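Participant: sequence first, then the predicted structure:
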Amino acid sequence: MKAVLAVIGIIVLVIAVIMLIFDGPDAPNQPDQKRINLTDYVDTGAQTIYEIEGEINAEELHRTIRISVDRSIRRIEVLNGYNKTVSKSQEFPNTQSAYDEFLHALDRAGFNSRKETQMTDEKGVCPLGQRYIYQLQESNDDLIRLWSTSCRKSDGSFAGNASLVQRLFQKQIPEYREFVRGVKLSSS
């Protein structure tokens with residue numbers, strides 16, 4: 001009788017393991033959101049946003065650089081403090097065809113590539129480095145919101161090519177380096 005119960009127990013255990021492995025939606029390594037195709041948003045009011053947030057420091061010293069691009073405007077801003085008050089801003093016109101090329105390039109760079117993370121957001125992560133935020137917004141709603149840091153590659157939910165995405169955004173702003181000259185994102 002003990003042998004029969006042991007065999008039944010092993011069969012139940014094997015079935016349970018098989019169900020855990022093949023039960024798709026509850027599998028722990030599957031992203032909970034469908035991958036968005038950026039190029040579907042070329043003709044909409046959606047905008048892409050890239051932020052470089054400085055180290056965690058005093059309110060009056062904290063800085064963020066934000067670049068946003070949509071089909072009609074490219075904007076760069078320097079933001080002060082944690083409430084992100086605009087201290088400096090510049091806008092440039094954009095065209096539909098330029099935005100189309102830009103979104104295709106971002107898509108190929110993995111702008112919308114997500115990886116699993118235990119941390120729900122970037123708050124407090126990499127306190128002496130920089131945090132990078134990647135967003136696609138439509139009507140102020142985040143369709144994509146991913147993040148990474150300068151501290152560790154494993155930090156964050158962003159799985160794309162971070163340096164390529166950063167350069168693509170910077171190249172949308174004429175004289176980018178001149179505009180951000182003097183902006184201190186860290187104390188070192």
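Facilitator: Okay, I see it.
Participant: so for the chain, the centremost residue is which one?
Facilitator: For the chain, the residue nearest the mean C-alpha position is residue 146 (2.3 Å; C-alpha atoms, centre = their mean).
Participant: tell me which element that one is part of?
Facilitator: strand 141-149 (DSSP states H and E).
Participant: quick one: the strands in the protein?
Facilitator: 47-53, 63-69, 73-80, 85-93, 131-138, 141-149 (DSSP state E).
Participant: closest to residue 109 out of those strands?
Facilitator: Among the strands of the chain, strand 131-138 comes nearest to residue 109, with 10.2 Å by C-beta to C-beta. For every residue, glycine as well, the C-beta is placed using N, CA and C.
Participant: buried ones in that closest one?
Facilitator: For strand 131-138, a neighbour-count test (16 or more other C-beta atoms under 10 Å) marks 131-137 as buried.
Participant: go on, stretch 35-44?
Facilitator: Buried, per 16+ other C-beta under 10 Å, within stretch 35-44: 36, 38, 41-42.
Participant: repeat for stretch 97-112
Facilitator: Neighbour-count burial for stretch 97-112 [16+ other C-beta under 10 Å]: 99, 102-103, 105-107, 109-112.
Participant: quick one: the helices in this structure?
Facilitator: 2-22, 96-108, 162-170, 176-180 (DSSP state H).
Participant: okay, angle between the second one and strand 73-80 too, please.
Facilitator: Yep, that's helix 96-108 we're talking about. 60 degrees (axes from the mean of the first three to the mean of the last three C-alpha atoms, to 10 degrees).
Participant: which residues touch helix 96-108?
Facilitator: 37-39, 41-43, 48, 69-71, 112, 165, 168, 172 (C-beta atoms under 8 Å, 6 or more residues apart in numbering).
Participant: let's see 6 Å
Facilitator: 38-39, 42, 71, 168 (C-beta atoms under 6 Å, 6 or more residues apart in numbering).
Participant: gap between that helix and the chain center?
Facilitator: 17 Å (C-alpha atoms, centre = their mean, to the nearest Å).
Participant: then that helix to PDB, C-alphas only?
Facilitator: Output in PDB follows, covering the C-alpha atoms of helix 96-108 (Å, rounded to 0.1, in the frame of the first residue of the first chain):
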ATOM      1  CA  GLN A  96       6.600  63.700 -39.900                       C
ATOM      2  CA  SER A  97       9.300  62.000 -42.000                       C
ATOM      3  CA  ALA A  98      12.100  62.800 -39.500                       C
ATOM      4  CA  TYR A  99      10.000  61.500 -36.600                       C
ATOM      5  CA  ASP A 100       9.300  58.300 -38.700                       C
ATOM      6  CA  GLU A 101      13.000  57.700 -39.100                       C
ATOM      7  CA  PHE A 102      13.700  58.500 -35.500                       C
ATOM      8  CA  LEU A 103      11.000  56.000 -34.200                       C
ATOM      9  CA  HIS A 104      12.300  53.300 -36.600                       C
ATOM     10  CA  ALA A 105      15.900  53.900 -35.300                       C
ATOM     11  CA  LEU A 106      14.700  53.700 -31.600                       C
ATOM     12  CA  ASP A 107      12.700  50.600 -32.400                       C
ATOM     13  CA  ARG A 108      15.800  48.900 -33.800                       C
END
